[in-house]
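Participant: Here is a sequence with its predicted model. Questions after.
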Amino acid sequence: MGDPSGSNGSTELGLLLEETAATLGGVLARTDSSGLTWTVDGQPIASLAGGTALFRIGREIGAAALKTPDTSASTLGPEWVGFRPATLDDHARDRAVAWFGAAHRRAGQT
């Protein structure tokens, strides 16, 4: 697929998120001019653009996530958290996979 993030520096993160999405049921991906978005039943759960991944993980998990490295609040609202790891080490990989999974589970609740 090439670089799913649209940015040469985040190919590894994009591939990790694609692999994670493939292990979960009902996840669809779409690419547009702003990047890549994953949805469940038409509801966005995660996206990747310019090296920043966004996850819709809810207010509670999001508040905790903001205390970890490489995270930021999202302009999409308090249910979303931004993640832009400087390096995709084991800890960053674990967070990305866990947050994608949390967003996937949350999609069935709202």
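Facilitator: Alright, I've got the coordinates. Numbers count the residues shown, from 1 in each chain.

Participant: For the closest residue to Gly26 other than its chain neighbours, list each beta-bridge partner.
Facilitator: Spatial nearest neighbour of Gly26, excluding adjacent residues (C-beta to C-beta, 6 or more residues apart in numbering): Val40 at 5.1 Å. (Glycine included, C-beta is placed from N, CA and C.) Assessed by DSSP bridges, Val40 has beta-bridge partners Val27, Gln43.

Participant: Roughly how far does Val40 sit from Gly101?
Facilitator: Distance, Val40 to Gly101, using C-beta to C-beta, to the nearest Å: 12 Å.

Participant: now Ile61
Facilitator: Counting by C-beta to C-beta - Ile61 and Gly101 are separated by 11 Å.

Participant: quick one: Thr20 and Arg95 touch, right?
Facilitator: No. Using C-beta atoms under 8 Å as the test, Thr20 is too far from Arg95 to be in contact (11.6 Å).

Participant: remind me, longest helix of the chain?
Facilitator: Assignment by DSSP state H gives helix 90-107 as the longest helix of the chain.

Participant: who's in contact with that helix?
Facilitator: With contacts defined as C-beta atoms under 8 Å, 6 or more residues apart in numbering, helix 90-107 is touched by 13, 16-17, 20-21, 24, 27, 38, 40-41, 43, 45-46, 53, 55-58, 61, 65, 68-70, 81, 83, 85, 88.
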